[in-house]
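Novice: All I have is the shape, not the residue letters:
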Ligand code: A3P
């Protein structure tokens with residue numbers, strides 16, 4: 001009998017059969033998940049949807065509709081359900097906010113098939129993005145009945161205590177970082193800030209890692225640049241579906257705000273930034289992973 005993976009996650013999760021061509025996109029919330037979903041989806045599906053044509057799925061569907069979250073699908077299953085992803089054609093791309101140690105062992109255990117791409121972000125920007133996302137979403141859910149009161153100071157205490165849906169940000173990041181060092185052919189570790197600095201280079205890196213590098217002909221036809229452009233925040237934000245549609249709980253527009261580095265400095269005090277930097281620095285000591293300190 002298959003063992004249940006996690007309390008509350010039905011046994012169907014343990015029936016999940018990873019394939020060598022599977023790609024799992026992992027992240028701490030508000031660290032670039034939507035962007036990574038769009039980039040991986042467009043890169044893997046570039047043959048079916050060449051040159052980012054007008055009928056490209058990303059022009060009509062939010063990236064979260066193109067790539068499901070593993071845990072959300074599992075959570076909607078009953079214990080007796082079969083492998084719910086079995087029908088999806090290869091290469092499958094799925095996402096997760098689960099910390100590395102909580103991934104189904106069929107995905108994470110050494111020697112098992114499938115690749116993982118992790119995107120990390122400066123914790124201060126991930127914190128501010130989370131706070132603003134929740135603030136806006138709470139206001140939207142209240143349907144204008146009242147303005148949600150969720151002060152940054154309150155959100156900051158919770159974040160510093162590691163109390164968030166995916167656990168402490170620094171532990172989440174460290175789990176995937178260590179896995180990427182131990183097993184570099186299985187786990188690719190990307191940084192949001194580096195992706196902003198060099199989107200095209202990072203799309204190439206992503207394609208190489210996923211086993212579908214760009215050919216000389218594709219490079220000549222500037223397919224990489226097309227994908228980076230299609231998935232840029234400005235392009236996605238201005239698509240009709242992302243201006244008006246919604247997911248189960250959130251409006252599509254809520255997934256696209258500024259999309260820049262260091263916006264934390266417009267919301268956090270220097271003392272807050274210093275405190276969070278210190279927590280993260282201490283937690284990551286000796287791992288070789290660093291974020292730019294507050295300036
Ligand atoms: P900000 O709130 O700082 O603007 P996630 O997708 O993990 O929920 O992360 C959301 C953050 O990524 C938001 O950050 C959002 O604006 C940003 N983002 C969304 N799409 C992006 C894109 N295509 N390029 C860069 N950043 C993007």
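Specialist: Received, thanks. As the structure is a computational prediction, the values presented were derived from the model and not from experiment.
Novice: Tell me who's in contact with the closest residue in space to residue 290 that isn't next to it in sequence.
Specialist: The shortest distance from residue 290 to any non-neighbouring residue, by Cβ to Cβ, 6 or more residues apart in numbering, is to residue 284 (7.0 Å). C-beta coordinates here come from the backbone N, C-alpha and C atoms, glycine included. Each residue near residue 284 by Cβ atoms under 8 Å, 6 or more residues apart in numbering is listed here: 170, 173, 174, 290.
Novice: One more: residue 98?
Specialist: By Cβ under 8 Å, 6+ apart, residue 98 lies in contact with 26, 70, 71, 166.
Novice: Just give me the neighbour total for the second one.
Specialist: The burial count assigned to residue 70 is 23, neighbours taken as other Cβ atoms under 10 Å.
Novice: measure it to residue 189 for me?
Specialist: Separation of residue 70 from residue 189 (Cβ to Cβ, to the nearest Å): 19 Å.
Novice: for residue 199, same thing?
Specialist: Residue 199 is 17 Å from residue 189, by Cβ to Cβ.
Novice: Look up the pLDDT of residue 289 for me, please.
Specialist: Per-residue pLDDT puts residue 289 at 95.
Novice: Enumerate the residues of this protein near the ligand.
Specialist: Residues of the chain found near the ligand (Cβ under 6 Å from any ligand atom) are 27, 29-35, 125, 129, 132, 231-233, 236, 255-259, 263.
Novice: Cross these against strands and list the overlap.
Specialist: Counting by DSSP state E, these place residue 27 in strands.
Novice: ok, of the residues of the chain next to the ligand, which come out buried?
Specialist: Neighbour counting with 16 or more other Cβ atoms under 10 Å marks 27, 29-35, 125, 129, 132, 231-233, 236, 255-257, 259, 263 as buried within the residues of the chain next to the ligand.
Novice: Of the contacts of residue 98, which one scores lowest on pLDDT?
Specialist: Within the set of the contacts of residue 98, pLDDT is lowest for residue 71 (86).
Novice: residue ranges of the strands in this structure, please?
Specialist: Under DSSP E, the chain gives strands at 23-27, 93-96, 115-120, 187-191.
Novice: What score does the residue nearest to residue 290 have for pLDDT?
Specialist: Residue 284 carries a pLDDT value of 96.
Novice: where's it relative to residue 278, distance?
Specialist: From residue 284 to residue 278 the distance is 11 Å (Cβ to Cβ).
Novice: just residue 85 next, same as before
Specialist: 41 Å.
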